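1. Provided below for reference: sequence and predicted model.
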Amino acid sequence: MSIASTNARIEGSVATAAGFRLDSSIRDERSVVMPQFGLIGCAMLHTRPENEPRVAEVAAQVKGVDFAAYEKQGIVYVAGRDSAPRHHRTAR
């Protein structure tokens, strides 16, 4: 069984879409931080809480990204390329 691997170019997409930019730290309301790892099967983006829904929507549109998720008040929202963010309650 072979699993296809894709290289998602999230850096430029997030940096230019919706006025965000990639930074080494959260400096202001436009900052998004993406820690770099070796072989990546997932990526974590960090931003201010109020930006999380929009950053997830933008990231989900990048070719090679299957979905993006964020948590708000105990609810996980999942954004996909072809759908509006859906919510899923977390176990408490």
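-> Nice, I can see it. Numbering: from 1, shown residues only.
2. return the set of buried residues in the helix of greatest length in the chain.
-> Counting residues, the longest helix in the chain under DSSP state H turns out to be helix 52-60. Buried residues in helix 52-60, counting neighbours by 16 or more other Cβ atoms under 10 Å, are found at E52, R54, V55, A56, E57, V58, A59, A60. Using the backbone N, CA and C atoms, a C-beta is placed for each residue, glycine as well.
3. give the contact list for the last one.
-> Going by Cβ atoms under 8 Å, 6 or more residues apart in numbering, A60 touches F67, A68, A79, G80, R81.
4. tally of neighbours for A68?
-> By other Cβ atoms under 10 Å, the residues close to A68 number 24.
5. let's verify it: helix, strand, or coil?
-> With DSSP: H, G, I helix; E, B strand; the rest coil as the basis, A68 sits in strand.
6. V76 is in contact with that one, correct?
-> No - here A68 lies out of contact with V76, judged by Cβ atoms under 8 Å, at a distance of 11.1 Å.
7. follow-up on the earlier one: got a winner among the contacts of A60 for most neighbours?
-> Among the contacts of A60, A68 has the most neighbours (other Cβ under 10 Å), with 24 neighbours.
8. and that residue, what's its pLDDT?
-> Looking at A68, its pLDDT reads 90.
9. so what's it bridging to?
-> Beta bridges link A68 to A79, judged by DSSP bridges.
10. quickly note the distance from it to P53.
-> Distance from A68 to P53, counting by Cβ to Cβ, to the nearest Å: 10 Å.
11. tell me, what's touching those two both at once?
-> A79.
12. show the pLDDT at the closest residue to Q61 other than its chain neighbours.
-> Leaving aside its chain neighbours, Q61 sits nearest to R81 (5.9 Å; criterion: Cβ to Cβ, 6 or more residues apart in numbering). pLDDT for R81: 82.
13. all good on my end, thank you.
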